[in-house]
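Undergrad: Sharing a model that was predicted from the sequence below.
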Amino acid sequence: MANSKEIPLQLSELNQRSAPLAAFDIAFYQPKIERYQYNDKKTKKPKNGASFRALLVCLKNPEKYVTAELSMRSDNIDPLEKALEKFKDGLCFRMNGTRLKSVVQQEYMHTSVKLIVDMNTTKFNPLLQLALADVKHLTAQPSMSVAHCKSLGSAQRFDIIALVLQLSDPRPGGPNREVRTVTLIDGTKSKDTDKLVEMKISIFSDTDTSPQKSKLLQLLTEVNGTDRAVAFFAVQCKISKDGPDFGSSKDFFALESKGPKAEQLKADQPKLALMGQEARETITSFSPGERKDYTQEQGIQVFVAHLSELQLPTHVIGDTTIWSIHWCQVTMPGCNMESITTKDGTRLWFQTTIRDLTGILTRVWMNEESALALSDLKDKDQFIKAWKEGDMVFPIMSAIKIVRTVREASDDSQTTASQSNESKKLFVNYQIVEAVEQPLGEAPSQATLPLVAMLKQSAHDTDSIVPAALHQIETSPVYALEVTYDAEPKPIVLPCAQVLALIRSKEKSKVETLGMGYKVTTADVQCVLCSDDPHHAEKKYNVSSVCTMDTLVAYRLDPPGRGGKTQCALVTMTNKKGDDFIIESVQLLQEDQVQTTKNSMLKLMHLAQKVGNRDKRKEVEWTQEPEGSPWKARKCTALGRSPTEAELPLFAEPPKHT
């Protein structure tokens, strides 16, 4: 039974920090067991696997929902069957001690909360007072609109509720596959043309008959041209040279929708059906490392996106190279990791994730020296203790040195002499070999600008962390957050996973007990980055975060002393509800740090603006010519400090036209 004295949070407040400390009231939606095949790493033979999966819907706001997963750890499928029996569709639970998957990429997340709950260790206590009659109010309610799909600029899965305007006949879609085109409308209009936007989705399926395929086709046939709305889950958007391409992903499913949006579409359908083609706009669908000491060697400064592109071997870059990334976020090891040491237990050794304003790099190894430097802990035992208790916090921003090595995959025992001259299989390995807390006064210099032109990825990586003033931050129905920089000739919009902000508080924080932790709420917080603009500087917001008893002091924004003093802090934000922001990490600043941090942040924002405003139609090919690839970029004499060059200008919004 759930503890009635606990104060549950909403799913919009779920992040790596709040997950193990707070409670969340949810309903299970569409639970199922998914079966699949994979190749065993040792035997190289195909094996059968399975996972229990469901959507967890926030009881207070069904537009917020997250994926939950229970993976099969052996050939025994009984735990999955028991989960399917226990967590029935519509049943309500209080979720405690939540564990999140440590490596997830937003591109593959279709839920409104871009996280995955690991059910292997998360606790679920039933909420018996909620009856099954309330299920219709607890179904996931996607907030994405058809018109918003037009502006998608990067690969992303998403959910949507719409009317089926037309269902095409099947046509060949590849070997043993067929495809149907579904045309959708939901009444939303394009901001550019003020026309009703309709979109076409390609739904792929096997040519043979299956219960799932038959059920889906029956639903689409029944609702075709009617006022019955359908919720489509895990639609895949890919970006082609002709624009966004929408289709079904491997996790795709569709159900008749119930709820406020479905009722509104039912009422609007007669009017929408009468709108002629001239009043419509269509979005079409086209079919462990070595122990060498690297601390005395200089690294080439790059962005995370450059190293993300270098995850495959290339003749342009050497086999062992040293790189530096500044103003980046290094993720703490996930609580669900089985071990964070080498196999013999003698040293810290684990995989982490790196994020900066250009994107994310996953599966990066971190050595013990770097982990202790960032955690400011004395030894391995202290680190492991803090990790287990959830008290370990890496700095908000770090500077790291990474070694990239290209290695040969271990030979097959069956390799014969005649095969020995064939090309070897190569793989890329990344290891953090040095790390420091980012000096807040060391802003990027103009030496970073040539790196922007070397970015290959045309679309902005939605897993990035973007610096922003508070008024520039908005929620998104498909991404975690969006930052909008006013610019000419049009605003620059950067979707992201987190936002780096600089805030000030004149009020004491309010602390509430949350079972295993505490919720810290601070009212009337203001933005430091827009202090030169009276209109935005006077606006006040509320912020909240979750922490443990040992980290409570670091999360409180209480002003020091008396006499109208303020407390400034550098924070990372993961969500927004109205004028309330959800904070994951806090770094309190001394009075003499505020101005230098503000200047660095404004230069970072200028750099992020350049990244978002680059020519995305230009194809970037790396060469070995000077300034032709990241390999030719400049080296850093000190970790955390950009190569010596003129300062970047401070970010400034263009004047408003009257």
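TA: Structure received. Numbers count the residues shown, from 1 in each chain.

Undergrad: Look up how far Asp40 lies from Gly49.
TA: From Gly49 across to Asp40, the span is 10 Å (CB to CB, to the nearest Å). C-beta here means a position set from N, CA and C on the backbone, and glycine is covered the same way.

Undergrad: So between these two, which is more surrounded?
TA: Ranked by neighbour count (other CB atoms under 10 Å), Gly49 and Asp40 place Gly49 first, with 14 against 9.

Undergrad: hang on, that one packs against Tyr36?
TA: Yes - counting by CB atoms under 8 Å, Gly49 does reach Tyr36; the two are 5.3 Å apart.

Undergrad: ok, then the element right after the helix or strand containing Gln218?
TA: Gln218 is part of helix 211-223 when elements are defined by DSSP states H and E. Next helix or strand after helix 211-223 toward the C-terminus (DSSP H and E): strand 229-240.

Undergrad: Counting by contacts, list what the helix or strand that that next one is followed by packs against.
TA: Moving toward the C-terminus from strand 229-240, the next helix or strand (DSSP H and E) is strand 243-256. Applying 3 or more CB pairs under 8 Å, 6 or more residues apart in numbering; DSSP states H and E, one finds that strand 243-256 makes contact with strand 196-206, helix 211-223, strand 229-240, strand 280-283.

Undergrad: Now for Leu21: which residues touch it?
TA: Neighbour list for Leu21: Gly390, Leu514, Gly515, Met516, Gly517, Tyr518, Val546, Cys547, Thr548 [criterion: CB atoms under 8 Å, 6 or more residues apart in numbering].

Undergrad: follow-up on the earlier one: mind putting the helices and strands packed on strand 243-256 in TSV, mean neighbour count, mean pLDDT and distance to Ser375 included?
TA: Formatted as TSV, the helices and strands packed on strand 243-256 follow (neighbours: other CB atoms under 10 Å; pLDDT from 0 to 100; distance: least, CB to CB, whole Å):
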stretch	mean neighbour count	mean pLDDT	distance to Ser375
strand 196-206	21	90	46
helix 211-223	13	91	47
strand 229-240	21	90	37
strand 280-283	18	85	47
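
Undergrad: Among these, which comes closest to Ala569?
TA: strand 229-240 (35.9 Å; CB to CB).

Undergrad: Pull up the pairing partners for the closest one, direction included.
TA: Sheet neighbours of strand 229-240, with direction, are listed as strand 156-167 (antiparallel), strand 243-256 (antiparallel) (DSSP bridges).

Undergrad: Which element, helix or strand, includes Ser324?
TA: strand 320-330.

Undergrad: how about the next helix-or-strand element following that strand as PDB, C-alpha atoms only?
TA: Heading C-terminal from strand 320-330, the first helix or strand you meet, by DSSP H and E, is strand 349-356. The C-alpha coordinates for strand 349-356 follow below in PDB (Å, rounded to 0.1, in the frame of the first residue of the first chain):
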ATOM      1  CA  TRP A 349      35.900   2.300 -14.100                       C
ATOM      2  CA  PHE A 350      32.400   3.000 -15.700                       C
ATOM      3  CA  GLN A 351      30.700   4.400 -18.700                       C
ATOM      4  CA  THR A 352      29.200   7.900 -18.600                       C
ATOM      5  CA  THR A 353      27.500  10.400 -21.000                       C
ATOM      6  CA  ILE A 354      28.800  13.800 -22.100                       C
ATOM      7  CA  ARG A 355      26.500  16.700 -23.200                       C
ATOM      8  CA  ASP A 356      27.200  20.200 -24.400                       C
END
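
Undergrad: Low-confidence stretches in the stretch 551-658 of the chain?
TA: Per-residue confidence for the stretch 551-658 of the chain (pLDDT under 70) gives these ranges: 563, 624, 626-627, 655-658.

Undergrad: ranges for the strands of it?
TA: Counting by DSSP state E, counting those that start in this stretch, residue ranges of the strands within the stretch 551-658 of the chain are 567-577, 580-589, 635-636.

Undergrad: Give the other helices and strands that the shortest one contacts.
TA: Counting by 3+ CB pairs under 8 Å, 6+ apart, the packing neighbours recorded for strand 635-636 are strand 299-301, strand 320-330.

Undergrad: and the first one, which strands flank it?
TA: When you say that, I think you mean strand 299-301. In the sheet, strand 299-301 lines up against strand 320-330 (parallel), strand 635-636 (antiparallel) (DSSP bridges).

Undergrad: same question for the first one, mean pLDDT?
TA: It stands for strand 320-330. For strand 320-330, the mean per-residue pLDDT is 94.

Undergrad: relative to strand 567-577, how tilted is that strand?
TA: Orientation of strand 320-330 against strand 567-577 (axes from the mean of the first three to the mean of the last three CA atoms, to 10 degrees) gives an angle of 80 degrees.

Undergrad: In strand 320-330, which residues are buried?
TA: Thr321, Ile322, Trp323, Ser324, Ile325, His326, Trp327, Cys328, Gln329, Val330 (16 or more other CB atoms under 10 Å).

Undergrad: With stretch 504-523 instead?
TA: Buried residues in stretch 504-523 (16+ other CB under 10 Å): 504-507, 509, 514-523.

Undergrad: what about the longest strand along the chain, distance to the chain center?
TA: Secondary structure of the chain read by DSSP state E shows that its longest strand is strand 24-39. Averaging C-alpha positions (CA atoms, centre = their mean, to the nearest Å) puts strand 24-39 20 Å from its chain's average.

Undergrad: now stretch 583-597
TA: 24 Å.

Undergrad: Start and end of it, how far apart?
TA: 19 Å (CA to CA, to the nearest Å).

Undergrad: Tell me where the stretch 501-650 of the chain has helices.
TA: Secondary structure of the stretch 501-650 of the chain by DSSP state H, counting those that start in this stretch: the helices cover 534-537, 552-555, 594-612.

Undergrad: beta partners of Cys237?
TA: Applying DSSP bridges, one finds that Cys237 bridges with Gln156, Phe246.

Undergrad: Wait, it touches Ala155, no?
TA: Yes - in this structure, Cys237 is within contact of Ala155 by CB under 8 Å, at 6.3 Å.

Undergrad: Please parse the protein into its domains.
TA: With domains defined by automatic domain parsing, the chain comprises 11-137, 146-283, 299-409+424-458+620-636, 465-608.

Undergrad: can I get the CA coordinates of stretch 602-615 in CSV?
TA: Output of stretch 602-615 as CSV, limited to C-alpha atoms (Å, rounded to 0.1, in the frame of the first residue of the first chain):
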residue,chain,number,x,y,z
LEU,A,602,26.4,35.4,-22.5
LYS,A,603,29.4,34.3,-24.7
LEU,A,604,28.1,30.7,-24.6
MET,A,605,24.7,32.0,-25.7
HIS,A,606,26.4,33.8,-28.6
LEU,A,607,28.2,30.6,-29.6
ALA,A,608,25.0,28.6,-29.3
GLN,A,609,23.3,31.2,-31.6
LYS,A,610,26.0,30.6,-34.1
VAL,A,611,25.5,26.9,-33.9
GLY,A,612,21.8,27.2,-34.4
ASN,A,613,22.2,29.7,-37.3
ARG,A,614,24.8,27.8,-39.3
ASP,A,615,24.0,26.8,-42.9
